[in-house]
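> coords please:
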Amino acid sequence: MLATARRLSAEAGVRNADFVEAIAERLPFPDASFDIVTTRLAAHHFDDVPLAFREVARVLRPGGVFIFVDTLAPEDAESATYQDEVETLRDPTHRRIYTQREWIAFCEQGGLRIEKTEVVRKAHDFEAWLERGGEDAATQQRVRSRFLDAPASAVRDLQIVVNDAKVKSFTDRKLVLAARR
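Numbering: from 1, shown residues only. Below you'll find the model as predicted:
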């Protein structure tokens with residue numbers, strides 16, 4: 001990922017960017033280092049989201065902005081449990097998705113003030129999504145089977161589309177959030 005980021009930056013002529021591997025819960029930067037911090041589709045992989053969000057607030061300058069995008073758990077408990085199950089099966093680095101209320105609480109508890117939220121739907125071509133997880137053929141088949149046997153609540157919340165006994169797509173929800181320190 002870092003090599004790709006370096007390459008893309010160089011191709012775009014960006015010369016004022018550094019790429020650092022770090023743990024979200026222990027950012028290797030001094031307090032108040034940044035005007036903007038962002039995370040996109042990563043926080044559901046963090047081991048300790050509240051601690052990571054406190055780190056975001058710590059490294060932001062006063063008035064700095066946090067831009068966040070991540071998957072939303074459905075409010076329905078059965079559906080949320082199912083979504084976490086298939087996400088973990090597909091990608092073992094997945095930890096947990098949270099509801100909008102939980103993501104917002106993590107921000108606020110970390111010392112951030114929510115300025116704007118928007119929920120967007122994202123459609124996924126099923127096979128492309130499955131392959132991005134990088135798991136072996138047997139695991140991919142288990143994920144396919146779980147989607148075909150999904151509870152009605154998950155079929156509804158994820159808008160799972162099946163055609164000729166094959167999963168074609170599903171649609172989840174993403175939270176886009178802007179907060180300020």
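> Asp18 in helix, strand or coil?
coil (DSSP: H, G, I helix; E, B strand; the rest coil).
> how many other residues sit next to it?
Asp18 has 6 neighbouring residues, counting by other C-beta atoms under 10 Å. For every residue, glycine as well, the C-beta is placed using N, CA and C.
> Look up phi and psi at it.
Backbone torsions of Asp18, given as degrees, to the nearest 10, read phi -110, psi 150.
> again, but for the one 4 residues further on
Per-residue torsions, Ala22: phi -150, psi 160 (degrees, to the nearest 10).
> That one reaches Val37, doesn't it?
No: in this structure, Ala22 is not within contact of Val37 by C-beta atoms under 8 Å, at 11.9 Å.
> For these two, indicate the residue with more neighbours.
The neighbour comparison of Ala22 against Val37 (other C-beta under 10 Å) goes to Val37, with 23 against 10.
> what's the helix or strand for the more buried one?
Taking DSSP states H and E as the definition, Val37 sits inside strand 34-40.
> and if you look at Gln140?
Residue-wise, Gln140 maps onto helix 137-148 under DSSP H and E.
> Any buried residues in the helix or strand just after that helix, and which?
Next in sequence after helix 137-148, counting helices and strands by DSSP H and E, comes helix 152-158. Using 16 or more other C-beta atoms under 10 Å as the test for burial, helix 152-158 gives 153-155, 157-158.
> Then stretch 157-175?
Those would be 157-158, 160, 167, 169-170, 172-175, for stretch 157-175 by 16+ other C-beta under 10 Å.
> out of those, who's nearest Asp31?
Proximity of these to Asp31 (C-beta to C-beta) peaks at Leu175, which lies at 26.7 Å.
> Closest to Ala3 out of the buried residues of helix 152-158?
Closest approach to Ala3 among those (C-beta to C-beta): Leu158, at 33.2 Å.
> My read is that the closest one contacts Ser169, right?
No: taking contacts as C-beta under 8 Å, Leu158 lies outside contact range of Ser169: 9.5 Å.
> Alright, calling it a day.
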